[in-house]
Each structure stands twice: as C-alpha cells, then as structure tokens.
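Visitor: test case, fold it:
(one chain, ligands or ions: 2)
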Amino acid sequence: MGISLENVSYIYQAGTPFEGRALFELTTTIKDGSYTAFIGHTGSGKSTLVNLLLRIYNAPEGSIYIDGKDIMKATVQSVREHIAYVPQDNFLFSDTIASNIAFGADHLTKEQIEEAARKADVHRNIMDFPEQYDTVVGERGTTLSGGQKQRVSIARALILDAPILILDDSLSAVDTKTEELILENLKEVREGKTNIIIAHRISTVRHADHIVVLEEGRVAEHGNHESLLEMQGIYADMYEKQQLEEELSEA
Ligand code: ADP
Ligand code: MG
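Guide: Residues are numbered from 1 along each chain as shown. Ligands and ions are numbered 1, 2, ... in the order given. Next comes the predicted model:
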C-alpha cells in the first residue's frame, strides 16, 4: 500500500518551538512495497508524521492518502488495521514475553511467536532466560534492556503481517551489527510490503529505497544514500558527524 502526503501541515495546540508548527506543507510519497526512511534531528517532526498517519492526531482532510484513499474519510479503525506500528517509547505489558509478542493478534502458535522473535533477533536472548518465553516482564518481573524491549516490540509488529510497517526510532538502542541483521530479516519477511523506518542514525536508513530528510517540519532533502551524500547537505553532514563519533568511540 502506497501513501501520499500532500501539503501536510500540523500545529500542536500548546506552544511549541518553530511558531508552534510541527509539520509545514510537507509533501512526499511512500511507494507501495518500498522501504522508505525518514531521518532528522530530534523535533524535526518525524513522530508527528507517524501520529498523523495513524490518526492519533488528525491532519486536514485531503492531505494524507493511503492506497489512494483520504484517511480522513476512513474510520480510525480501518486505517490502523493496515498499519503495524512500533512506537518510539515502546511499551511492554506486565505479562509473559510470549503474550507481549502475540498481543493484538489472535490464534498464534508457539512457532509463529518464535519465528517473529527470530526475525527481530531476540529469540536467543529469550532462550537465555530460565523461563524463556514464559518469562514475565515489566514491573513485577524481569527487566529487559532497552534493546531487548525494542526487539520484542518489533517482533510484535512483525507478527501482524500488515501491509504497512512503521518503526519509529525502534532500533536506536540496538548495536549496529544487530541492527543490520534485523534490517536484513525485514527485507526478507516484508518483501513487497511497505516499510517505513524512522531514525536519527544513518546506519538505520542507508539501505532504504528512498530517504526523506526532515528539518523543522519540512522535507529538506530526499533521495537514496548515495545521492544524498553527493548533495553535501544536511544528510552528508550527519553522516560525517556520525562517522567521526563512531571512530572516536572505537578509539
Ligand atoms: P521528532 O519525532 O522528529 O523528534 P516530533 O514530531 O516529536 O519530532 O516533534 C516535532 C515538534 O512538535 C517539536 O517541536 C515538538 O516539541 C513538538 N511536539 C511534539 N509532540 C508534541 C505535543 N504532544 N504537544 C506539543 N508539541 C509537540
Ligand atoms: Mg520522534
């Protein structure tokens, strides 16, 4: 399912920076079956964009289309049925890991749950817990690391097998090697479906078909990794800074 955004502006009610505007006349297309990435600094409007796609907030009529249909003319439920979403502040229930992965999807077998966990590269971690998939997490149970939480949340989204998958900064706490593994798995299991990856790390977005760079609620640049580097703009700048940081942290 393709998505198109036409002149999307969004202003939060409360006073915000940038004269209260979170998104400003944003126009872009997310092609059906593509792996599209949004990158930008904190506050550039990435999560706002996701919130509008999911109709957590409402964009003006005539500005967001999924599969050619104005999302404001569809029910909230039908919009969300098409989208599997991993929120930025991923949330686990005080329940077993298996239930956390299976949440939102009925009639799942143990095998399906494990398969999703494998694709999200968290199966081995789970098997290391004494109670494995029956490990209770959250307040009364085992505390998972940030990266483990993110991967359990990714497994939960993968199992829904929705036409559109959105990962909002869902790989920020995993190391780049694990990230690469998960992204490779995603390419395989999500082949032909629409995948939207939001990040502030270049490593997360560099292999995307289309990368959109957001800056202060606008599309500042877009292209693929190579063409964006050639532009020598914001993306190229981020790339250089992040490479330097990596070198420094290795030294
Ligand atoms: P990103 O996900 O790229 O970090 P956000 O979409 O979260 O950016 O934020 C974009 C802008 O909107 C920022 O200026 C932020 O402060 C503001 N903003 C985000 N959420 C809210 C909110 N619930 N109420 C008011 N302002 C918000
Ligand atoms: Mg965000």
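
Visitor: buried residues in the lowest-mean-pLDDT helix or strand in the chain, which are they?
Guide: Every helix and strand of the chain was ranked by mean pLDDT, DSSP states H and E. The lowest is helix 234-250, at a mean of 90. Within helix 234-250, the residues that count as buried by 16 or more other C-beta atoms under 10 Å are 234, 235, 238, 239. All C-beta atoms are positioned from the backbone trio N, CA, C, and that covers glycine.

Visitor: make TSV from the residues you listed and add distance to ligand 1 to it.
Guide: What follows is those, written out as TSV (distance: C-beta to the nearest ligand atom, whole Å):
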residue	distance to ligand 1
234	13
235	15
238	13
239	18
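
Visitor: nearest to residue 45 among these?
Guide: Closest approach to residue 45 among the buried residues of helix 234-250 (C-beta to C-beta): residue 234, at 13.8 Å.

Visitor: got the contact list for that closest one?
Guide: Contacts for residue 234 (C-beta atoms under 8 Å, 6 or more residues apart in numbering) come out as 213, 215, 220, 221.

Visitor: distance check, residue 93 against residue 46.
Guide: For residue 93, the distance to residue 46 equals 25 Å [C-beta to C-beta, to the nearest Å].

Visitor: hang on, I meant residue 97
Guide: 28 Å.

Visitor: the more surrounded of those two?
Guide: residue 97 (27 against 24; other C-beta atoms under 10 Å).

Visitor: ok, now which ones touch the more buried one?
Guide: 117, 126, 129, 132, 133, 134, 135, 137, 152 are the contacts of residue 97 under C-beta under 8 Å, 6+ apart.

Visitor: the residue nearest to the third one when sequence neighbours are not counted and residue 227, how far apart?
Guide: Put plainly, it is residue 129. Excluding its sequence neighbours, the residue lying closest to residue 129 (C-beta to C-beta, 6 or more residues apart in numbering) is residue 135, at 4.3 Å. Relative to residue 227, residue 135 is positioned 45 Å away (C-beta to C-beta).

Visitor: out of the two, which sits in the busier spot?
Guide: For residue 135 versus residue 227, neighbours defined as other C-beta under 10 Å are more numerous around residue 135 (17 against 12).
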